[in-house]
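> No letters, just coordinates:
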């Protein structure tokens, strides 16, 4: 523990609680002193502080001790009175105001940082004027009558040697009624130690007269109490001496006064008082007496200050004893005296005095450095007592609190100190403000720092300062508070703090700083509408006052979502619409893969680039100088226009810049207008055409802003940032470079080490042709199956023709290019079957189509300032949303440029706005089912089920065509009978049966493409002469190809169907309402694949009459087997006896071995039943024969070979003779045989789905045998 | 009367503050809640001082101001529930049982 005397509080006490010497001097003395610019007291005061006086002191106890440090305070008698409260307040206010001016932070100094504050030492943070203020505050309480330590211990009477009748003057001085009130009103003993001083001004002449007066004085007042002081030794008053010759003299004078007069006087008085106190108050008897006596007084006195104690009262004497002992540092004696009197005052209800004594007990304990708890308790007690007494003693409470705080601080109880500061705050707002600010620093300095409270108290303090018009202090405290709230999400508080700072700065006329603070609160989305309006109004008001246009780097209004920044530019890639530009580059690349010549293949890219591009820009993006794409804010405009500025015919590339701007304000009453422009680097600054965008934002609104720049000349273009104007006075700046991490270049060709700044750097090259593409009348909504004729329009507005056009469509199932000849034909008529036209002609480029790249004929080029139309076919293959990506490749003619080609990318999609969205609705659900005709070879029954799934449309059925192998389809029954109207209404289901017949054609046929042979059934009304549509020529055939591709692998033996309907009027979007819409539904790979390639039929007699009494009946049958596949197959016919559990009439018989082909046997003997075992080899037969009993002998058996093997050539037919032997009349089912077949693998196998082997059970064949009579 | 309930996050960030007074004292209550976070931190860092309720999520009376009493509750995830009440003679147990067991249950 440090010596209490060395603590701040200790030092303060040793300075403030010291003997007071009252000075009484004549005006002439003052006059002399004023020659030096000092009053008499001021002259002597520096010599009143003795650091090593070394005086032996003996107080009440017998043990003397030495006093080293000592101080006396000198006051004029006129000053020894309680200061006027108003005057004192005024002075304190001046102190604060001056501190406010001195401590006011520089305008452009940074706001304090919490971490910075915490890392600094206490003394650096705490404003120095606090201490000064606190001292001044304490001094306003001097000379209160309830405390004795401010009562003068001695009186210094000073008379000048020039004064007439010096001796009388001395007597007059003390007797005048200028003496302090408590000397006259009895609060203090008027008999004080007197010391007489004669001041001689050397300028007045020699000191003989003074010496004479001194002698006279000594004889009058006693030899020891008189001194002579000579001043102003230099004659002219100008000479400067290094050491004032009389300073030593004064020092000696004062030291002598202290050590020889004041201290002994006090010692003596302490001893005297102690004696009195001991005799009257110590000891049991005295205490009892005292108690009893005071009890009696209790009722009589009821004033707030308690009874009046004169100096002669024992209470006053004890108090004086305590104070004197304290001043002479006999703290033990002091504390015992104070304690003694404390109870007296309490009993007397002299609360003010009680509090004062408690205060002193606390301080004495502190100086003794013992009973810390007691010390604090006493301070608290005193403080509370003062507080209870109300505002009259508020100042005492303040002083007590300050001492208490110092005590707590010494003991590192900083937090507790802060609460005391808080409690000190009284009615005086200004003082409270200072106290609150001091409290806040306590929280900052406490360990660990309590920053939340620091901020809170700063804000409170600032508010108090503001109320007292101490704006500068208020700003200072609030600025400190910012450090606490900055970076947090306590926005309500943060905004208020900034708002007030801004307002206050503005009230001081410092608008620039005000604006910086107001800027912080603009994006206050969490605030109420009123607050936002207030903030914004004040902000704009302040901005207006400055009379300047501000450029602000971090303007928060509106909020720009920089992470969604996109820069779109065009190099060799051009876009038909913003929608196309927003598609991922990868999609386009994969589409263009086999269309675009790769740079490296043609020439070394190094050669190309180094020739044309300065090396330093190698990493930059290339863009082409030219004209601007002014693009609208995306969602609204369905026509994406590319406007050409007429002044420039050079149609080159463009790029667009989009800044997505998000606004996070609630609702603003007024709508502010923003102007956004891009800012650029210097390179081609002057040759740009910028499109400024004016827009207004409602509160809470978010919009996308697209900005466009058009470079006019070749060079380098760098996009630096974006600028916007808020209500024409504040300019917001956003520099992209600083946020480079978030930047995203939509179409930039990325390199591994791509610096972000390079993304915003563009090389502008010479202008090049740029095609624009458009597909008019693309339906937005249609039904599945819709087949349309569309036109692609390509527009070249440049001076150069382009050639070598190629096109690729992402989804050829839905859209593909047609033949040029279809351009002007009438739709649907052109699809009709034409007579005398070679069928395969329209489908010549089928193979080409499958590669997906459509090459325009070589002679096709888009000439300058012309446009080209090209037919396209659209088929809505399946329901759902379609995304179509179309890329048109073209090469420039006659242009020498780094770019040899460009691509035009078009995109149509539902997901992007509603423009050109293609919405395919489900229409008809068509399914087919094939089942073989058991009675006839190569004939199938076809069932078609159609469900109309639309909600309101009515389709007219038109035609069913089968595509595939040589199949003929024909109606089983006229359509009239099942669907008289030929119209399929919404929700209607139609089932229709057809016969599908294999229509063999010779393999030597000229037709090289058997896949595209068709067979049609007209489903329309019988009298209808409408032509059938040709499904074997483009475009139906093309789409059919894709359908085959998408619906699965094709294989031999399958059949595809195309079902065509028409829709005459509909509520869907229709390009040509006067013509019917055509719908084609393709169903491929119908289930023929599930049948075996082997088919057979059994021929023979159906009814036989036979006389069984003579012999069993033998029946000859013929089985015709057909191989319909392209592969040779081996067939194994097995016969076996039916199980005996069959019905009575149809008895199963065991099979007999029959006819090997090579060994055509003749007659055979009837084998015994038992023998069958031997003969049969089949496992199944074995099992069966076991169960055969003699009683249930089968009534027919297969005779001849039970197993016949034969080989069938592709598409060949063979006949197998079969024979049975019937033993009894009856009806027999001869289905108990099986065919196993095996296809020989063929080299160009058409797929794994093909069956290579299988087993077929026999068909039922009923034979009736009758007994002939 | 409960005048304000606040949920303050792990980083002392306000997650939810709701005042239930008619007067326009949202700012004041924000300040009070913000201020009481220091006390929460203090309690958490010096569990000894918080007395017998060691390892207790209920922080008790945090901060008596002139007109309000502030109570706190700390969840395991360091989310704080702060309650400001004008009932100056409310018992700790009441606050603990009624409010700080029910409020987190309602929310969690």
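Perfect, I can see it now. Computed from a predicted structure; not experimentally measured.

> which ones are touching the residue in chain B that chain A sits nearest to?
Per C-beta to the nearest C-beta, residue B:38 is where chain B lies closest to chain A, at 4.0 Å. Backbone N, C-alpha and C define where each C-beta goes, glycine included. For residue B:38, the contact set (C-beta atoms under 8 Å, 6 or more residues apart in numbering or on different chains) comprises A:443, A:450, A:451, A:452, A:453.

> repeat for residue A:21
Per C-beta under 8 Å, 6+ apart, neighbours of residue A:21: A:48, A:72, A:73, A:74, A:75, A:152, A:153, A:154, A:155, A:156, A:257, A:262.

> Number of residues surrounding the second one?
Residues near residue A:72, counting by other C-beta atoms under 10 Å in any protein chain shown, number 23.

> Near chain B, list only the ones from the contacts of residue B:38.
A:443, A:450, A:451, A:452, A:453 (C-beta under 8 Å from any C-beta of the partner chain).

> I'd like those residues laid out as JSON lines, including pLDDT and neighbour count.
Below are the ones next to chain B among the contacts of residue B:38 laid out as JSON lines (pLDDT from 0 to 100; neighbours: other C-beta atoms under 10 Å in any protein chain shown):
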{"residue": "A:443", "pLDDT": "88", "neighbour count": "25"}
{"residue": "A:450", "pLDDT": "86", "neighbour count": "25"}
{"residue": "A:451", "pLDDT": "87", "neighbour count": "23"}
{"residue": "A:452", "pLDDT": "87", "neighbour count": "24"}
{"residue": "A:453", "pLDDT": "87", "neighbour count": "27"}
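
> How is chain A divided into domains?
Domain ranges of chain A: A:4-236+A:244-262, A:273-282+A:305-547, A:559-570+A:627-737+A:757-765, A:771-833+A:847-919, A:923-1000+A:1014-1065+A:1075-1086, A:1091-1137+A:1193-1241+A:1251-1268, per the TED database.

> Looking at the ones you listed, which is nearest to residue B:46?
Across those, residue B:46 has its closest neighbour in domain A:273-282+A:305-547 (9.7 Å, C-beta to C-beta).

> distance between the ends of the closest one?
End-to-end distance of domain A:273-282+A:305-547 (C-alpha to C-alpha, to the nearest Å): 76 Å.

> which residues touch residue A:1253?
A:1236, A:1237, A:1238, A:1239.

> ok, back up a step: and residue B:33, which of the domains of chain A is closest to it?
Among the domains of chain A, domain A:273-282+A:305-547 sits nearest to residue B:33 (C-beta to C-beta), with 8.8 Å.

> Turn the ones next to chain B among the contacts of residue B:38 into CSV, columns for secondary structure and distance to residue A:993.
Putting the ones next to chain B among the contacts of residue B:38 into CSV (DSSP: H, G, I helix; E, B strand; the rest coil; distance: C-beta to C-beta, whole Å) gives the following:
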residue, secondary structure, distance to residue A:993
A:443, helix, 95
A:450, coil, 92
A:451, helix, 89
A:452, helix, 87
A:453, helix, 92
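
> so can I have JSON lines of these showing distance to residue A:1057?
Shown next, in JSON lines, are the ones next to chain B among the contacts of residue B:38 (distance: C-beta to C-beta, whole Å):
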{"residue": "A:443", "distance to residue A:1057": "88"}
{"residue": "A:450", "distance to residue A:1057": "85"}
{"residue": "A:451", "distance to residue A:1057": "81"}
{"residue": "A:452", "distance to residue A:1057": "80"}
{"residue": "A:453", "distance to residue A:1057": "85"}
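
> which one among the residues you listed gets closest to residue A:66?
For the ones next to chain B among the contacts of residue B:38, the nearest to residue A:66 is residue A:443 (42.8 Å; C-beta to C-beta).

> Show the pLDDT at the closest residue to residue A:802 other than its chain neighbours.
Excluding its sequence neighbours, the residue lying closest to residue A:802 (C-beta to C-beta, 6 or more residues apart in numbering or on different chains) is residue A:890, at 4.2 Å. Residue A:890 is assigned 80 on the pLDDT scale.

> can you count the residues close to residue A:890?
Quick note: residue A:890 (other C-beta under 10 Å) scores 25 neighbours.

> and among the domains of chain A, the most buried is which?
Mean neighbours per residue, mean count of other C-beta atoms under 10 Å in any protein chain shown, is largest over those for domain A:273-282+A:305-547, with a mean of 21.

> Which other helices and strands does the helix or strand harbouring residue A:438 contact?
If you go by DSSP states H and E, residue A:438 is part of helix A:429-445. Applying 3 or more C-beta pairs under 8 Å, 6 or more residues apart in numbering or on different chains; DSSP states H and E, one finds that helix A:429-445 contacts helix A:85-103, helix A:122-125, helix A:129-139, helix A:414-424, helix A:451-467, helix A:471-485.

> one more time with 10 Å, if that's ok
helix A:85-103, helix A:114-119, helix A:122-125, helix A:129-139, helix A:394-410, helix A:414-424, helix A:451-467, helix A:471-485 (3 or more C-beta pairs under 10 Å, 6 or more residues apart in numbering or on different chains; DSSP states H and E).

> Now do the second one: everything it contacts.
Okay, so that is helix A:114-119. With contacts defined as C-beta atoms under 10 Å, 6 or more residues apart in numbering or on different chains, helix A:114-119 is touched by A:110, A:113, A:124-125, A:441, A:444-445, A:448-449, A:451, A:454-455, A:480, A:482-487.

> How about the fourth one?
When contacts are defined by C-beta under 10 Å, 6+ apart, helix A:129-139 is touched by residues A:8, A:12, A:15-16, A:83, A:88, A:91-92, A:94-96, A:98-100, A:102-103, A:127, A:395, A:398-400, A:402-403, A:405-406, A:424, A:431, A:434-435, A:437-438, A:441.

> how about a cut-off of 6 Å?
Contact partners of helix A:129-139, identified using C-beta atoms under 6 Å, 6 or more residues apart in numbering or on different chains, comprise A:92, A:95, A:99, A:399, A:402, A:434, A:438.

> Direction-wise, compare it with helix A:394-410 and give the angle.
For helix A:129-139 against helix A:394-410, the angle by axes from the mean of the first three to the mean of the last three C-alpha atoms, to 10 degrees is 130 degrees.

> relative to helix A:85-103, how tilted is helix A:129-139?
170 degrees.

> Assign residue A:1108 to helix, strand or coil.
The local conformation at residue A:1108, judged by DSSP: H, G, I helix; E, B strand; the rest coil, is coil.

> next one: phi and psi at it?
Phi and psi for residue A:1108, reported as degrees, to the nearest 10, are phi -70, psi -10.

> and it, how far is that from residue A:75?
164 Å (C-beta to C-beta, to the nearest Å).

> same check, this time on residue A:32
20 Å.

> of the domains of chain A, which approaches residue A:586 most closely?
Closest among these, using C-beta to C-beta: domain A:771-833+A:847-919, at 11.4 Å.

> who's residue A:880 bridged to?
residue A:920 (DSSP bridges).

> of all the residues in chain B, which ones are close to chain A?
B:13, B:14, B:27, B:30, B:31, B:34, B:35, B:37, B:38 (C-beta under 6 Å from any C-beta of the partner chain).

> Can you go through these and name the buried ones?
Buried members of these, scored by 16 or more other C-beta atoms under 10 Å in any protein chain shown, are B:14, B:30, B:31, B:34, B:35, B:37, B:38.
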